[in-house]
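1. Generate coordinates for the sequence data below:
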Amino acid sequence: MLIALGRNLEVRNPILAATIYPLNVEAKLQHAIQILSTRDSENSEVLVNKNLQALIPYNSGDARLYSLLGESSMRLGNDIAGVENFNHALVLAKTEIHAAQWAAQRAFASKNYDEALKHLDSLFRRWPSQIGLNVPIISEIMSNPDGYVAFLTQIEKMPPWRSPLLSLLSSYNLSSKILAAQLLQDLANGPTPPKSAETARLLLGLFQEKKYDLAYTTFLLTLSTSERDLSGHVFNGNFKKSATNRYFDWAVRQQPGVLITLPVEKDGLSLEFASTPVTRIGLQQFLKLTPGVYRIELDVSALKAVMPKSLFWSLTCIDTKGPIVQLDVPEGDYKSRSVSVEFRVPANCPLQTLALQTQALVESWNNRYSGRVVFHRMRISKVKT
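-> This is a model prediction of the structure:
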């Protein structure tokens with residue numbers, strides 16, 4: 001019964017657990033971790049080192065014991081013993097969390113990037129929670145030309161921690177986002193190109209920094225072979241492929257009262273209204289148009305389309321929110337009707353939002369949308385002036 005009680009207390013109160021059952025190695029290890037984590041006095045660290053040494057005959061195969069001995073020895077200035085204990089911990093278990101972290105940092109400090117990445121790979125596979133803590137180290141490794149090549153080689157092998165790490169790099173700081181952009185561009189030319197979700201997270205991070213040029217370049221250079229044919233001022237303007245929700249591609253969010261289907265039939269974008277009010281459509285794309293005069297053209301069909309608060313495409317500047325142009329979609333029954341309008345992009349508008357909208361601000365059952373609208377093609381071309 002005393003053993004069971006000691007086991008129950010070994011994490012919450014390791015001192016009491018060890019008192020109840022003196023051979024409770026787990027309790028003594030937890031006590032050592034607590035002292036080393038709080039950086040108690042040197043006397044306490046000396047005592048911890050002695051207590052850990054005393055545990056060796058009872059638990060010589062526990063890698064955690066040697067890892068803690070390595071840490072306490074280092075703090076007491078005995079670097080030789082510290083290195084020996086950390087190395088022995090890795091012999092017993094290469095994924096021992098503290099020893100693997102120490103080995104990675106030691107290799108990184110000596111600019112042995114291949115060795116550092118080997119230990120980080122083991123650490124991340126066993127302890128995914130450690131990925132975020134090591135983003136600064138990864139960023140530093142990528143900042144060095146040799147380290148960058150080593151990291152690119154490693155991540156091309158598609159380790160299980162690749163996407164989580166890329167996501168964290170995409171949200172860490174500006175320098176890490178810039179490095180991640182270069183990484184995705186290089187991955188696009190290799191055997192394991194970036195997934196749409198990996199690119200989408202980075203583009204979001206670059207947008208937060210207002211690095212629109214880099215975001216657009218990264219989007220273009222990470223397109224798959226089949227996607228490159230969809231490029232233009234409007235990406236996938238023929239509505240041939242599903243939306244990926246990457247910036248500069250269509251983003252679709254289903255909203256009440258309307259069903260969006262992309263693509264529909266051979267190609268096209270379908271909106272089916274449910275005879276209810278519609279305040280939001282949930283369809284947009286970011287564009288990168290340089291200053292100048294353009295024409296937007298739209299091929300559209302409708303079947304019994306009733307849109308009391310109108311339906312229109314709007315183009316606005318992303319930073320100033322200033323409107324550029326509005327293109328109305330006609331109601332009624334018709335097939336393959338072409339509508340177009342010219343517009344000018346001002347000089348202070350580095351990025352634009354193209355969105356499908358209604359004029360409805362509040363839901364009113366007096367303004368019910370019904371019928372179906374199908375967009376066949378959208379094209380923006382520059383007008384010679």
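2. For this structure, just list every one of the helices.
-> All helices of the chain, identified by DSSP state H, fall at 2-9, 14-20, 25-38, 42-55, 63-75, 79-92, 97-109, 113-126, 135-143, 145-155, 162-169, 174-187, 196-208, 212-221.
3. what's the most buried one of those?
-> Of all the helices of the chain, helix 63-75 carries the top mean neighbour count, a mean of 24, counting by mean count of other C-beta atoms under 10 Å. Every residue, glycine included, has its C-beta placed from N, CA and C.
4. Could you dump the helices of the chain into JSON lines and include distance to E227?
-> Conversion of these to JSON lines gives the following (distance: least, C-beta to C-beta, whole Å):
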{"stretch": "helix 2-9", "distance to E227": "57"}
{"stretch": "helix 14-20", "distance to E227": "56"}
{"stretch": "helix 25-38", "distance to E227": "49"}
{"stretch": "helix 42-55", "distance to E227": "57"}
{"stretch": "helix 63-75", "distance to E227": "47"}
{"stretch": "helix 79-92", "distance to E227": "44"}
{"stretch": "helix 97-109", "distance to E227": "37"}
{"stretch": "helix 113-126", "distance to E227": "30"}
{"stretch": "helix 135-143", "distance to E227": "26"}
{"stretch": "helix 145-155", "distance to E227": "22"}
{"stretch": "helix 162-169", "distance to E227": "19"}
{"stretch": "helix 174-187", "distance to E227": "14"}
{"stretch": "helix 196-208", "distance to E227": "9"}
{"stretch": "helix 212-221", "distance to E227": "10"}
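5. between these, which gets nearest to G371?
-> Of all these, helix 196-208 sits nearest to G371, with 32.3 Å by C-beta to C-beta.
6. Give me the contact list for the closest one.
-> Contact with helix 196-208 is made by 163, 166-167, 169-171, 177, 180-181, 184, 212, 214-215, 218-219, 222, 244-248, as judged by C-beta atoms under 8 Å, 6 or more residues apart in numbering.
7. make it 7 Å
-> 163, 166-167, 170-171, 177, 180-181, 184, 214-215, 218-219, 222, 244-247 (C-beta atoms under 7 Å, 6 or more residues apart in numbering).
8. With only the CA atoms kept, save it in CSV.
-> C-alpha atoms of helix 196-208 as CSV (Å, rounded to 0.1, in the frame of the first residue of the first chain):
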residue,chain,number,x,y,z
SER,A,196,-1.2,23.8,-50.7
ALA,A,197,-1.8,24.0,-47.0
GLU,A,198,1.9,24.6,-46.3
THR,A,199,1.9,27.5,-48.9
ALA,A,200,-1.4,28.9,-47.5
ARG,A,201,0.0,29.2,-44.0
LEU,A,202,3.1,31.0,-45.2
LEU,A,203,1.1,33.4,-47.4
LEU,A,204,-1.0,34.3,-44.4
GLY,A,205,2.1,35.1,-42.5
LEU,A,206,3.6,37.2,-45.3
PHE,A,207,0.3,39.1,-45.6
GLN,A,208,0.4,40.0,-41.9
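9. On the pLDDT front, check P57 for me.
-> Among the per-residue scores, P57 holds a pLDDT of 69.
10. Kindly report the same for L315.
-> 97.
11. related to what we said a few turns ago, weakest of the helices of the chain by average pLDDT?
-> Within these, confidence is poorest for helix 2-9, with a mean of 42 (mean pLDDT).
12. domains of the chain?
-> Under the assignment automatic domain parsing, the domains of the chain span 1-93, 125-222, 251-382.
13. picking up where we left off before, mind checking the helices of the chain for the one nearest to G282?
-> Nearest to G282 among these is helix 196-208; the distance by C-beta to C-beta comes to 16.7 Å.
14. for that closest one, the distance to its chain's centre please.
-> Relative to its chain's centre, helix 196-208 lies at 7 Å (C-alpha atoms, centre = their mean, to the nearest Å).
15. And for stretch 264-274?
-> For stretch 264-274, the distance to the chain centre is 30 Å (C-alpha atoms, centre = their mean).
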